[in-house]
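S.K.: Test case, fold it:
(chains A and B)
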Amino acid sequence: MSEFGNMLMDISQIFSLMLARNQSGIEASYVDLEHGESILQLPGHSNCMNWVLGHIAVYRDALLGAIDKQTYMHNKEIGIYGYGSDPIIEGSACADLTRLIEALNRGYSVLHEWLGEYPDYLDNVTPDGLIVRKGETVGQHFAHLWVHESIHVGELSALRELALVKLGKGWK
Amino acid sequence: MNRTEVFAIIFRRNQDAILNAVDGLSHSEGLLQLPGESNCMNWILGHIATYRDGMLADIRLKEHMTEDEVSLYGSGSDPITIGSPAVDFERLIELQKLTFDGLYVWLKSDPSGLENETRSDMPYKKGYAGYWDSVIEHLTQMTGHESIHVGELSALRELALVSMAD
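M.R.: Here you go, the predicted model:
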């Protein structure tokens, strides 16, 4: 089976496929949930869904910035969701769930389109001044941030389960 | 940058997160359950190892899991709970190391054969061995899959630490 026929897969196609998988995981996580459910806490020191989604959005901005595209998270939001930020619990300052979804969808659309158009750009030097800079080339920067994003996407499934239990619903 | 470097970066990051998640835990903590229908750590570790072994099979490298082990952790397999048949935690950690070493050493060797066809002679289902047309597509589909499952381990480790503190 192949989604790519007889074409040779290049790096931009690899990234595009990973981005699409992550975005699907993100979208599946919040279906039928509201802001209040995104603040629910699992045992221990895990982060809630609101923090995870905001964190992913901040790091998507680091992808967008590396290719000179508009970013979507404001400075205050970067403080709330950046690396090492405080956990978000009930009563904490945080963005509304709908705002986070909007930022994630916008970033996804731009990255998805760009990956199909500018594959050669991945060999360019990663610019300075980003929220986070991983790797000397844009391709390396993307690879590091992609796996970072995927791991955080994985955290969403247990948080969705928690929300569904709270709502008295099953997973499917 | 070549394509194998992308996969090497991802596997390295995944492996570091896996080893961090299991550090100091034992078999019983691997069976703890979060609310709802999430999988326990034991199932996730076995699932990751199974899919890695499927990648090794398509690359024609040494495989490490037995058919009995694979049968517990494939797609759609039953959840593992206390009392279920399950592979021992130490064996699962060993499998993480064996499968990672096989894949990572190969990726860092600047290998040819990324466009090779996948196997058509698998004796039983092991991950996605033989499913995708080419090795490169198999790696692309399954490295992202693996990272997402790795992400599931962090909340399970927190659960284990809470359990051990009680």
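S.K.: Show me which positions of the helix ranked longest in chain B end up buried.
M.R.: The longest helix of chain B (DSSP state H) is helix B:135-165. Neighbour-count burial for helix B:135-165 flags B:135-160 (criterion: 16 or more other Cβ atoms under 10 Å in any protein chain shown). C-beta coordinates here come from the backbone N, C-alpha and C atoms, glycine included.
S.K.: and it, what other elements does it pack with?
M.R.: Counting contacts by 3 or more Cβ pairs under 8 Å, 6 or more residues apart in numbering or on different chains; DSSP states H and E, helix B:135-165 packs against helix A:11-30, helix A:138-167, helix B:3-22, helix B:41-59.
S.K.: any bit of the last one sitting next to chain A?
M.R.: The one in question is helix B:41-59. No: judged by Cβ under 8 Å from any Cβ of the partner chain, helix B:41-59 makes no contact with chain A; its nearest approach is 9.2 Å.
S.K.: Spatially central residue for chain B, please.
M.R.: By Cα atoms, centre = their mean, chain B has its centre lying nearest to B:I48, at 1.5 Å.
S.K.: from what I can see that residue touches B:H149, true?
M.R.: Yes: with contacts counted by Cβ atoms under 8 Å, B:I48 reaches B:H149, the gap being 5.5 Å.
S.K.: Any figure for the gap between A:D120 and A:A66?
M.R.: Using Cβ to Cβ, to the nearest Å, A:D120 is found at 15 Å from A:A66.
S.K.: Give me the number of neighbouring residues for the one residue in chain A that gets nearest to chain B.
M.R.: Going by Cβ to the nearest Cβ, chain B is nearest to A:G154 of chain A, at 2.1 Å. Neighbourhood size, A:G154 [other Cβ atoms under 10 Å in any protein chain shown]: 25.
S.K.: again, but for the one 3 residues further on
M.R.: For A:S157, the number of neighbouring residues by other Cβ under 10 Å comes to 23.
S.K.: Now do the contacts for B:I136.
M.R.: Contacts for B:I136 (Cβ atoms under 8 Å, 6 or more residues apart in numbering or on different chains) come out as A:8-9, A:14, B:3, B:114-115.
S.K.: ok so, going back, from memory the residue of chain A closest to chain B sits against B:G144, does it?
M.R.: No: under the criterion of Cβ under 8 Å, A:G154 makes no contact with B:G144, lying 10.2 Å away.
S.K.: orientation of the helix or strand hosting A:L53 relative to helix A:11-30 in degrees?
M.R.: Using DSSP states H and E, A:L53 falls within helix A:49-66. Angle of helix A:49-66 versus helix A:11-30, following axes from the mean of the first three to the mean of the last three Cα atoms, to 10 degrees, is 160 degrees.
S.K.: Residue in chain B with the shortest distance to chain A?
M.R.: At 2.1 Å from chain A, B:G151 is the closest residue in chain B, using Cβ to the nearest Cβ.
S.K.: how about the helices and strands packed on helix B:135-165 in JSON lines, adding mean pLDDT and distance to A:C48?
M.R.: As requested, the helices and strands packed on helix B:135-165 are exported to JSON lines (pLDDT from 0 to 100; distance: least, Cβ to Cβ, whole Å):
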{"stretch": "helix A:11-30", "mean pLDDT": "96", "distance to A:C48": "12"}
{"stretch": "helix A:138-167", "mean pLDDT": "96", "distance to A:C48": "7"}
{"stretch": "helix B:3-22", "mean pLDDT": "97", "distance to A:C48": "19"}
{"stretch": "helix B:41-59", "mean pLDDT": "98", "distance to A:C48": "20"}
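S.K.: Please identify the most buried of those helices.
M.R.: helix B:41-59 (a mean of 26; mean count of other Cβ atoms under 10 Å in any protein chain shown).
S.K.: wait, what's in contact with the residue nearest the centre of chain A?
M.R.: Against the mean C-alpha coordinate of chain A, by Cα atoms, centre = their mean, the closest residue is A:I56 at 3.2 Å. Applying Cβ under 8 Å, 6+ apart to A:I56 gives the contacts A:26, A:104, A:149, A:152-153.
S.K.: B:R12 reaches B:Y104, doesn't it?
M.R.: Yes: using Cβ under 8 Å, B:R12 makes contact with B:Y104 at a distance of 6.8 Å.
S.K.: picking that back up, quick one: contacts for the residue lying closest to the residue of chain B closest to chain A once chain neighbours are set aside?
M.R.: Sequence neighbours aside, A:G154 is the residue nearest to B:G151 in space, at 2.1 Å (criterion: Cβ to Cβ, 6 or more residues apart in numbering or on different chains). Contact analysis of A:G154 by Cβ under 8 Å, 6+ apart lists A:25, B:147-153.
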